[in-house]
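Visitor: fold the following.
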Amino acid sequence: LDPSQNPEDFNKLEKLAEDTIEDENTLRLIAVPILGRGGRGQVTVTTLPPLGQVREVLARSPFNVLEIADFPRVYVFRCSMARGGGGDEAPGAALASLQRDFDGLDVEVFVQKAKQEGQSVVLVMLKEDLPKNDFAWWQWLICLVLFLFTLLTVNINTLGVTTLSSEQMSAMNMDQAIKLASKTVPTAICAFATVAAQEVARRTAASKYDVDLTPPFFVPVWPLPSLGTLGAVSRRLSLVPNEEASLAMSTAAGLTGFAVSLLIIFAGLALGPDPDKIVNLNFQMLPLVLKVALKPLLGQTSLSDLPDPFAAPVSLAFPSNPVLIGGITGLMITCLNLLPIGRLDGGVIAKGIFGGRAGGLIGLTSFVFLALGALSPGEAGSLYIS
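Guide: So this is what the prediction gives:
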C-alpha cells in the first residue's frame, strides 16, 4: 500500500481506524482498494453506484446514517438502528435485507460493529476488490506438517499414566510395545475426534454466512507435558459479514466440542477400567470441577488409599481406559479454547456479547488467572504454560 498516492484518502482511512472501525481485518480489507491500486498500476472501469443511490437504499432500511466516509471504490456509513416502525430488526436481518436491495449491482455489503456502543458500520464495496481467497501451496504444506506432527503429539498425554516401571518399559519386546501403543492410540483418536468435530461445526456455521475459512492448522504441543494438542486454528479468507456470523462460528465449535467430548466420557465410564490394568487417569492434572464430578465414578485409586484425593501427597491415579481419558482430554481442549482471551472462541464470544471494551477486560482478567495457573508445581503448571 502506498499512502503517498492519495494522502487525503489515507488521512480519512486513518480517522476511520481511530474513531469508527474496530476490526483490523475490516480495515485491511478496505485499505487495499483505497490505497493499493495506485501503487500497483491497475486500471479498472468498474465503479460504485452513485452515493445518492446507495443512500436511498439505506434510507429504506432500519439503518439511520450518522456519518459517511466516501472513497472512489468504498463507501463507509456509520449507522444506528432505527427504533419503532419496523426498525427493531437485528443487524443480521437488516444486512440480508440490504443485500437483496443491492442485488443485481456489482457490489458487496457488510455490516460490522462500530467503536461507538450500539452502532454499526455499513460497508459498500466492489466485488472485484474482495480477496481472491487463494491458499498457497506452502500453506497447504504447513497444514499437512502440523497435522502429521499433531497425530504424534496427541499420543503423548499427561492425563494418562501407566503402571509399568522404566525397567519394564526398556525390557519390552515388539509385541509388548505394540500392545502398549494400543492403549494410547484410542485416547489420541478420541481427542482428535473432538477437535475435528469442532472444525466441522465451525465450517458448517461459516457456510451459512458465506464465510470462507482456510483448512485447520492443528496446534501440537511438544515437548512440554500437556494434552498433546491445543486444538486447531483457522484463518478467515473472506470478511465476516456481521457480528452474528462470528458468534455463530465460535459458539457452534464450542457447543460441538462439549457434546462430542461428553459423549466420549460417558462411553468411557460405561466401558470401565482397562482389563489389563495398564491405563490409569492422572487425577492430579484435572481441573477442580472435573475432580469433583468424576471422583465418585472412578472407584478405588491406584496409588493411594487416602479418602480425600485433594490431600494425597503423591500423584494420584485411578484405573481407567483410553476412551475415558480421550474424552476428558477433548473436554479440556474445548474449555481452553473457550477461555475469553484474544482470538480464541471464548474471546470472540465475550466481545460479541459484552462489547469490545468489556470483553477485553474479561480477557485480561482470564489471562492473569491463566498466568497464575502456570505457577502450579509439576505437570499442572506445564499445562497452563503450554
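Visitor: the stretch 51-200 of the chain: strands as residue ranges?
Guide: Along the stretch 51-200 of the chain, the segments classed as strands by DSSP state E, counting those that start in this stretch run 63-70, 74-81, 107-113, 119-126, 160-162.
Visitor: got TSV for the ones you listed, with mean neighbour count and mean pLDDT too?
Guide: Bear in mind the C-beta positions are built from the backbone N, C-alpha and C, glycine included. Formatted as TSV, those follow (neighbours: other C-beta atoms under 10 Å; pLDDT from 0 to 100):
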stretch	mean neighbour count	mean pLDDT
strand 63-70	17	92
strand 74-81	21	91
strand 107-113	22	87
strand 119-126	22	90
strand 160-162	22	68
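Visitor: can you redo the ones you listed as TSV with distance to A317?
Guide: Output for these, formatted as TSV (distance: least, C-beta to C-beta, whole Å):
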stretch	distance to A317
strand 63-70	59
strand 74-81	56
strand 107-113	48
strand 119-126	53
strand 160-162	5
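Visitor: any low-confidence regions in this protein?
Guide: Applying pLDDT under 70 to the chain picks out residues 1-5, 36-45, 83-92, 133, 161-174, 176-178, 180, 225, 302-315, 376-386.
Visitor: which residue is nearest the middle of it?
Guide: Centroid check for the chain by C-alpha atoms, centre = their mean gives D345 as the closest residue, at 3.9 Å.
Visitor: for the top helix by length along the chain, list every residue counted as buried.
Guide: Longest helix in the chain, counting residues (DSSP state H): helix 174-208. Applying a neighbour-count criterion of 16 or more other C-beta atoms under 10 Å, one finds 180, 183-184, 186-199, 201-203, 205-206 buried in helix 174-208.
Visitor: quick one: list the elements packing against that helix.
Guide: helix 137-153, strand 160-162, strand 229-233, helix 243-271, helix 322-337 (3 or more C-beta pairs under 8 Å, 6 or more residues apart in numbering; DSSP states H and E).
Visitor: could you say which of those is packed most deeply?
Guide: helix 322-337 (a mean of 25; mean count of other C-beta atoms under 10 Å).
Visitor: I'd like the next helix or strand past it.
Guide: Using DSSP states H and E, the helix or strand that directly follows helix 322-337 along the chain is helix 345-354.
Visitor: let's see that following helix as PDB, backbone CA atoms only.
Guide: Below are the C-alpha coordinates for helix 345-354, written out as PDB (Å, rounded to 0.1, in the frame of the first residue of the first chain):
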ATOM      1  CA  ASP A 345     -13.500 -18.800  20.600                       C
ATOM      2  CA  GLY A 346     -14.200 -17.600  24.100                       C
ATOM      3  CA  GLY A 347     -12.700 -14.200  23.300                       C
ATOM      4  CA  VAL A 348     -14.900 -13.800  20.300                       C
ATOM      5  CA  ILE A 349     -18.000 -14.800  22.300                       C
ATOM      6  CA  ALA A 350     -17.100 -12.500  25.200                       C
ATOM      7  CA  LYS A 351     -16.600  -9.500  22.900                       C
ATOM      8  CA  GLY A 352     -19.700 -10.300  20.900                       C
ATOM      9  CA  ILE A 353     -21.900 -10.400  24.000                       C
ATOM     10  CA  PHE A 354     -20.300  -7.800  26.200                       C
END
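Visitor: returning to what we had before: and G360, which of the helices and strands packed on helix 174-208 is closest to it?
Guide: Among those, the nearest to G360 by C-beta to C-beta is helix 243-271 (15.2 Å).
Visitor: could you point out the helix or strand that follows that closest one?
Guide: strand 279-282.
Visitor: tell me which helix or strand comes right after that following strand.
Guide: Next along the chain after strand 279-282, taking DSSP H and E as the criterion, comes helix 288-294.
Visitor: just list what that next one packs against, helices and strands only.
Guide: Against helix 288-294 (3+ C-beta pairs under 8 Å, 6+ apart) you get helix 322-337.
Visitor: what about the helix it packs on, distance to the chain center?
Guide: Centroid separation for helix 322-337 versus its chain: 16 Å, with C-alpha atoms, centre = their mean, to the nearest Å.
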